[in-house]
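Asks: Sequence first, predicted coordinates after that:
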Amino acid sequence: MGNGFVIAEDLALKTMLQGLTVGDEKSSARPVKVWFGYPDVEVRAQEFPFMTIDLIDIVPANDRQTSGRLYDGDYRGTIAPVGRSTYSYEIPVAYDIVYQVTSYSRHPRHDRAIIFQLLNKFPSKFGVIEVPNELGTESSRRSMFLDGYVKRDAVDGETGNRRLLRNVFTVRIVSEMTPSVAMAAIPAATSVGINILTEDGQRRTSSYIPSGLTAI
């Protein structure tokens, strides 16, 4: 089984950012490494320049949520097709996944080159990103928006007051969580109690119990 909701977007974004290079007087193609931010299990040496990816929010996208049923042969790319079997399921729940991509460098030329390349990667309202389905059989072209950019240059006292040139890009990727995934996180109710709260704050069982239910 491949990568599902959130994990697939993580890897798609990191893959998209791989391969950037910058030039200076010593090297014409110095690589810009990409790492996930905290919590971080990747072993690495801090070599400038580099970028980090941090997941900062997952927001229900109610403005583009629709309802209805879909039909296909692989259950939205999560189950291997079997013959001519067809699956029927509710339209997935829409979410926006928000990331911060932060670049770090010491050299002004590196800093400007990274800004230029990332603004091409995240072209405001018209960005796209390739995200593979859970089976890894195909990819979807998702909309991706640049929601913000800030400059955060600083002097880092821990490294002998050397300048740290930093850029923070806030990026939003449209996504969805299938109902089966969403419901798996919600425990099913084993019983339902029907009670009425009286004026003195005490609970008493209602005298009216709908057909099929039992008072608790």
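Replies: Structure received. Numbers count the residues shown, from 1 in each chain.

Asks: Could you check the protein and say which of its helices or strands has the lowest average pLDDT?
Replies: Of all the helices and strands that make up the chain, strand 195-197 has the lowest average by mean pLDDT, DSSP states H and E, namely a mean of 58.

Asks: Could you list the low-pLDDT ranges of this structure?
Replies: Scanning the chain with the threshold set as pLDDT under 70 gives 1-2, 38-45, 156-161, 179-180, 182-210, 214-216.

Asks: strand partners of the biggest strand by length in the chain, parallel vs antiparallel please.
Replies: Ranked by residue count and defined by DSSP state E, the top strand of the chain is strand 162-177. Using DSSP bridges, the neighbouring strands of strand 162-177 in the sheet come out as strand 93-105 (antiparallel), strand 139-151 (antiparallel), strand 154-156 (antiparallel).

Asks: Quick check: which of those is buried the most?
Replies: For these, the stretch with the most neighbours on average is strand 93-105, a mean of 21; neighbours defined as mean count of other CB atoms under 10 Å. Using the backbone N, CA and C atoms, a C-beta is placed for each residue, glycine as well.

Asks: Which other helices and strands does the following helix or strand past that one contact?
Replies: Counting by DSSP states H and E, the element after strand 93-105 in chain order, helix or strand, is helix 108-121. Here helix 108-121 touches strand 21-22, strand 93-105, strand 162-177, going by 3 or more CB pairs under 8 Å, 6 or more residues apart in numbering; DSSP states H and E.

Asks: got the CA coordinates for helix 108-121 in PDB?
Replies: The C-alpha atoms that make up helix 108-121 are tabulated as PDB, following Å, rounded to 0.1, in the frame of the first residue of the first chain:
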ATOM      1  CA  PRO A 108      23.200  36.900  -1.100                       C
ATOM      2  CA  ARG A 109      23.400  35.300  -4.500                       C
ATOM      3  CA  HIS A 110      22.100  32.100  -3.200                       C
ATOM      4  CA  ASP A 111      19.300  33.900  -1.400                       C
ATOM      5  CA  ARG A 112      18.100  35.700  -4.600                       C
ATOM      6  CA  ALA A 113      18.500  32.600  -6.700                       C
ATOM      7  CA  ILE A 114      16.300  30.600  -4.300                       C
ATOM      8  CA  ILE A 115      13.600  33.300  -4.200                       C
ATOM      9  CA  PHE A 116      13.500  33.300  -8.000                       C
ATOM     10  CA  GLN A 117      13.200  29.600  -8.300                       C
ATOM     11  CA  LEU A 118      10.600  29.200  -5.600                       C
ATOM     12  CA  LEU A 119       8.400  31.900  -7.100                       C
ATOM     13  CA  ASN A 120       8.500  29.800 -10.300                       C
ATOM     14  CA  LYS A 121       7.600  26.700  -8.300                       C
END
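
Asks: Can you name the residues bridging to the residue nearest the centre of the chain?
Replies: Closest to where the C-alpha atoms of the chain average out (CA atoms, centre = their mean) is residue 97, at 3.8 Å. Residue 97 has these beta-bridge partners by DSSP bridges: residue 58, residue 173.
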